[in-house]
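> Need a 3D model of the sequence below.
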Amino acid sequence: MVFADPSSQALLQHLQRIAPSEAPILINGETGTGKELVARHVHRLSGRSGPFVAVNCGAVNEQLAESEWFGHEAGAFTGAAKRREGWFEAADGGTLFLDEIGDLPSSMQVKLLRVLQEREVVRVGSRSPKKVDIRLVAATNINLEEAVSAGRFRLDLFYRINIAPCHLPPLRERRGDIAPLAEHFLERYRTRLGLPPQRLSPAARQALERYRWPGNIRELENVIHYALLIAPDDEIGAEHLKLNGSVLVPAGHHGAEGVDPPGEPFEQIESALKQLFADPPDDLLNQIERRIVDLAFTQTRYNQVRSAKLLGISRNVLRTLLKKHGQLDTDSYPPARLSARPSVAAVR
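Here you go, the predicted structure:
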């Protein structure tokens, strides 16, 4: 676990607290962020003596799914020459990791829910249930709450697997991990290739840290592997890194302390918040909330319905916030247009 960034260290502490329990864990994160690595770490910390069994839900053959999940008896169907245990039995006493659980077909979601509730499986061709003791860890790169709203994922199954949620941020949001991970992969593949000690040039390090890493850790691993194959000597330069220039931070945009500026809007917000956290005012949350409401209200030309839709909240909630922050001087609708940021005292 090469987690050096402060946010990654906080995640590790969170895992240490929840791993020893029996609660199902749902890991959410983009492709390539290391969700299976985190699941294996949870298994090691859990103290369970059984095996770690990983299943890619998106790669399950739907015709043979029930046999794969729950096993079958000899002669249960054509080609079933002998008894076979399914993934639940294989993981008995250990951890069952269900990767990309959002891709699970609806028919299997029902059966999975029943097994999790009853803690037992029935092999295809058998009528006798068999008790199983598994710790479930699931992972997804989609928003399961949105999938539930769209009718693609069962709400009751979502509640069953989401007891201990765990969000794994993308690599671009934990830049403190980039250099340690690069060194880790450099040593791993140097050893595999039988090469002498290698190092990253300062220019290469700068290029790695400026990159947005849309493919996350998996992409970083591939970039370092390829660089070792083509570098002619013991130093990897920026020219050996296979990076997509369109997702680089523009050169010359470094801050006073050499820190890369954020690129995406949410990264910009996160960067600004970190600056505010360094010397926070007493009412930081209140000030941030006021600015969000004020900007949305101004952006929609003081239209409450459009402002509420823009923020993803109800009109009643919006009106409460507008009155809280002095944007409404009356309960009438539409409100009188006020100055850009009237004070709460003025409204009172």
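
> nearest residue to residue 100 other than its sequence neighbours?
In space, and not counting its chain neighbours, residue 100 is closest to residue 58: 4.6 Å by C-beta to C-beta, 6 or more residues apart in numbering. C-beta: built from backbone N, CA, C; applies to glycine.

> doesn't residue 103 make contact with that neighbour?
Yes. Look at residue 58 against residue 103 with C-beta atoms under 8 Å: they come within range, at 3.6 Å.

> which of those two has more neighbours?
Relative neighbour count places residue 103 above the other of residue 58 and residue 103, with 18 against 12, counting by other C-beta atoms under 10 Å.

> Let me see the contact set for the more buried one.
With contacts defined as C-beta atoms under 8 Å, 6 or more residues apart in numbering, residue 103 is in contact with 57, 58.

> Kindly report the same for residue 111.
Residues in contact with residue 111 (C-beta under 8 Å, 6+ apart) are 66, 69, 70.

> if you set the cut-off to 7 Å instead, what comes out?
residue 66 (C-beta atoms under 7 Å, 6 or more residues apart in numbering).

> Does the residue lying closest to residue 163 once chain neighbours are set aside lie in a helix or a strand, and which?
When the adjacent residues along the chain are set aside, residue 163 lies closest to residue 23, with 4.4 Å between them (C-beta to C-beta, 6+ apart). Applying DSSP states H and E as the criterion places residue 23 outside every helix and strand.

> Could you pull up the mean pLDDT of stretch 277-287?
Mean per-residue pLDDT for stretch 277-287: 81.

> what sits up against it?
Looking at what lies outside stretch 277-287 - C-beta under 7 Å, 6+ apart - the contacts are residue 276.

> burial count for residue 181?
Burial of residue 181 is recorded as 23 neighbouring residues (other C-beta under 10 Å).

> Also residue 119?
With neighbours defined by other C-beta under 10 Å, the count for residue 119 comes to 12.

> cool, and the one 10 residues further on?
Applying other C-beta under 10 Å, we find 14 other residues in the vicinity of residue 129.

> Also residue 225?
Here the neighbour count serves as a burial measure; for residue 225 (other C-beta under 10 Å) it reads 17.

> so residue 165 makes contact with residue 27?
No. Here residue 165 does not reach residue 27: they are 8.2 Å apart, not a contact under C-beta atoms under 7 Å.
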